[in-house]
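**Q** just the structure for this:
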Amino acid sequence: MIHRHTLGKIPPKPHIVFKDERGNLLMEHCLTREGFDGTFTILYYRTPPTDETAVERFSIPGFCPCEAVEGLPLLRRHVRTQDLRVSGDFLDSRRTLFVNSDLHVGMLKPTQAGTRFFSNGDGDECYYAYRGGGVVESLMGVLHYREGDYVNIPRNVPYRLVPDSPAAELMVFEGRGFVDIPKQFRNRAGQLTMDAPYSHRDFRVPSELLSYSESRHGKAPFRLVVKKDDVLTTHEHAHFPYEVAGWDGFVYPCAFSIHDYQPKTGLIHLPPTIHLTFAGNGFVICSFVPRILDYHENAIPCPYGHASVHCDEIILYVAGNFTSRRGIGGGSISVHPAGVPHGPHPGAYEGSIGVKRTDELAVMCDTFKPLKLTKVAQQLEDGDYHTTWVKQPKQKLPEAHIP
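**A** Have a look, this model is predicted:
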């Protein structure tokens, strides 16, 4: 969804006769957004994907459905995803941790590839590959991703994640409206501006069309899991439904490495809006990457105390030395809700004076609507975090370091 892309063979104009190399008529399929007013992709199927033999409702407890916890006190929180124990493919191992009407945030730890594909009809998805890389196989083809990549999957695009390690871990943002490039990073022609924190060259797109392989995809029936209105259904197909002759358009999965994010710095400490990476309906995703710090002679590089009266904030700590926090390590997620001030732990503020560079790596999400913890997140919570500004935590996590 970064720019128009073409893969495979397409006719000179849409909506005209187009045949394959054997003279068979291909079926044109239009995937549109916002009715017919938004971006779209046109695909050419070798076999129409309408030969469904069965449809069955099922559930993956903790993912869909997930249960929010009501009536919790307003606290700064620390959720230890390090303690999440799950297994299975990218669906069975997915757990939702935070929810509101604009956004669901979760973690997954797939231990195997599986053969099912998935289509999320509730929103766009943005994955962050916290541990390990792999392959996204989708209707639009094969997309390779690496550790540290964001992987954006548009709504209702069938895909599956194939991790390259049984120790894979990914964070996932399900934007119930959309997940996209912030509009201020594009000029009126849709090109990324020269002062955006990335360029078109930083984004990777599907490199080849998807071809059926019995060893990778199994035998018929082929199963597609569809999520809509927070209900899962399995759709069985008599043939492998993801082989197309070609496509073109703006709607397709893409990948972007957090290490390609171009950070900004200033004379004095700049607000976290400078780390903006993606935007959704009622939320933003930001990237904290290694960078040179503020260069005023009396600068205090550590983030100042902050009372956010309109936004909840969550941060996944990935790697590096998190100078503003103690008791936090790679895989921790801090939750700082609107209504409660937050800031650096005691000693961190003054200790940052004179520091010239940070090596931290983290992913942040701010939401305008309050985020509720799910029961899964509550089970992973460090209950002492709110009071660590006045007392030491029971156990300090080992520091993570950038490889």
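**Q** ok, which stretches of the stretch 101-250 of the chain are strands?
**A** Assigned by DSSP state E, counting those that start in this stretch, the strands in the stretch 101-250 of the chain fall at 103-108, 117-120, 124-131, 134-138, 141-145, 149-153, 159-163, 169-175, 179-180, 203-204, 222-228, 231-237, 244-249.
**Q** after the lowest-mean-pLDDT helix or strand in the chain comes which helix or strand?
**A** Counting by mean pLDDT, DSSP states H and E, the chain has its least confident helix or strand at helix 348-351, which shows a mean of 78. Heading C-terminal from helix 348-351, the first helix or strand you meet, by DSSP states H and E, is strand 357-358.
**Q** partners of that next one, with directions?
**A** Sheet pairing of strand 357-358 (DSSP bridges) gives strand 291-292 (antiparallel).
**Q** now do the strand it pairs with, average pLDDT.
**A** Averaged across strand 291-292, pLDDT comes to 90.
**Q** please apply the same query to stretch 319-339.
**A** pLDDT averaged over stretch 319-339 gives 81.
**Q** for the stretch 201-350 of the chain, what spans make up the helices?
**A** 214-217, 348-351 (DSSP state H, counting those that start in this stretch).
**Q** tell me the gap between the first one and the middle of its chain.
**A** Here the centre of helix 214-217 is set off from its chain's centre by 27 Å, with Cα atoms, centre = their mean, to the nearest Å.
**Q** in that helix, which residues are buried?
**A** H217 (16 or more other Cβ atoms under 10 Å). (Each C-beta comes from the backbone N, C-alpha and C, glycine too.)
**Q** do the same with the last one
**A** Of the residues in helix 348-351, those buried by neighbour count under the rule 16+ other Cβ under 10 Å are 348-349.
**Q** what do you get for stretch 152-165?
**A** 152-163.
**Q** before we move on, the earlier item: would you format the strands of the stretch 101-250 of the chain as TSV with mean pLDDT and distance to L316 included?
**A** As requested, the strands of the stretch 101-250 of the chain are arranged in TSV below (pLDDT from 0 to 100; distance: least, Cβ to Cβ, whole Å):
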stretch	mean pLDDT	distance to L316
strand 103-108	98	9
strand 117-120	98	20
strand 124-131	98	7
strand 134-138	97	19
strand 141-145	98	17
strand 149-153	98	12
strand 159-163	97	18
strand 169-175	98	5
strand 179-180	96	16
strand 203-204	98	21
strand 222-228	97	23
strand 231-237	97	25
strand 244-249	97	31
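**Q** indicate which one of those strands is closest to P12.
**A** P12 lies closest, by Cβ to Cβ, to one member of these: strand 244-249, at 11.4 Å.
**Q** got the contact list for that closest one?
**A** In this structure, residues lying in contact with strand 244-249 by Cβ atoms under 8 Å, 6 or more residues apart in numbering are 4-10, 18, 20, 26, 31, 39-46, 139-140, 209-210.
**Q** run a quick neighbour tally on the residue nearest to V225 when sequence neighbours are not counted.
**A** Ranked by Cβ to Cβ, 6 or more residues apart in numbering and with sequence neighbours excluded, the top spatial neighbour of V225 is F118, at 4.9 Å. Other residues lying near F118 total 23 when counted by other Cβ atoms under 10 Å.
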